[in-house]
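Student: Based on what follows, work out the 3D shape:
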Amino acid sequence: MSFVRIWVHAVWATKKREPYLAKKSVRYALFKHIRENAKKKEIHLDNLNGWVDHCHATFSLSKDLSIKKTMQLIKGESSSWINKSKLLPYHFNWAVGYYAVSVSEDKMQGVKNYVMNQEEHHSRVSFEEECQQFIKRYGFTSMLGDENFNTQE
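Tutor: Purely as a prediction, here's the structure:
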């Protein structure tokens, strides 16, 4: 038997960073659905939260799923579900890309706290500022201007 524990912190945005998730009821219904779907797909989702135009998640990679496949399962299914459920009066899409970094076991509690406090965090810091912090902290050359992070999948 294989044992795998590789923690990932992922962030993904709505198409064109539209504030599709501005209503808490929509955001919370979506998060609930993503959690339920992750469980069905055997995605080890630890933490999920977000703000009006993006989501954060921490998950442990499965021995059978890559980051790419995990993100496809989360994003693709959830956008389909939100449109079928008619939670919004318009068509919903996620941006194509995402951000993902590994998290060491000893840093997980801090990342969990950060993810769970998104509402408070974004009362002080915009998503653009947050992206700039990620770019600087993790050495990404671009994220804000990347069409894959800002357009429809």
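Student: Please report the distance of Lys32 from Ala38.
Tutor: 11 Å (Cβ to Cβ, to the nearest Å). For glycine as for every other residue, the C-beta is placed from the backbone atoms N, C-alpha and C.
Student: correction: Tyr98
Tutor: Distance, Tyr98 to Ala38, using Cβ to Cβ: 15 Å.
Student: So which bits of the helix ranked longest in the chain are buried?
Tutor: Looking across the chain with DSSP state H, the single longest helix is helix 67-85. For helix 67-85, the neighbour count (16 or more other Cβ atoms under 10 Å) marks 67, 70-71, 73-75, 77-79, 81-82 as buried.
Student: Can you name the element that comes right after that helix?
Tutor: Reading on from helix 67-85 to the C-terminus, the next helix or strand found by DSSP states H and E is strand 99-103.
Student: That next one pairs with which strands, parallel or anti?
Tutor: strand 7-13 (antiparallel) (DSSP bridges).
Student: Can you show me the CA trace of the very next helix or strand once past the strand it pairs with as CSV?
Tutor: Next in sequence after strand 7-13, counting helices and strands by DSSP H and E, comes helix 24-40. The C-alpha coordinates for helix 24-40 follow below in CSV (Å, rounded to 0.1, in the frame of the first residue of the first chain):
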residue,chain,number,x,y,z
LYS,A,24,-22.7,34.7,0.7
SER,A,25,-25.6,32.3,0.0
VAL,A,26,-24.1,31.5,-3.4
ARG,A,27,-20.6,31.3,-2.1
TYR,A,28,-21.5,29.0,0.7
ALA,A,29,-23.7,26.7,-1.5
LEU,A,30,-20.9,26.4,-3.9
PHE,A,31,-18.3,25.6,-1.2
LYS,A,32,-20.7,23.0,0.3
HIS,A,33,-21.1,21.4,-3.1
ILE,A,34,-17.3,21.4,-3.9
ARG,A,35,-16.7,19.7,-0.5
GLU,A,36,-19.3,17.0,-1.2
ASN,A,37,-18.0,16.4,-4.8
ALA,A,38,-14.4,16.3,-3.6
LYS,A,39,-15.4,13.5,-1.1
LYS,A,40,-17.1,11.5,-3.9
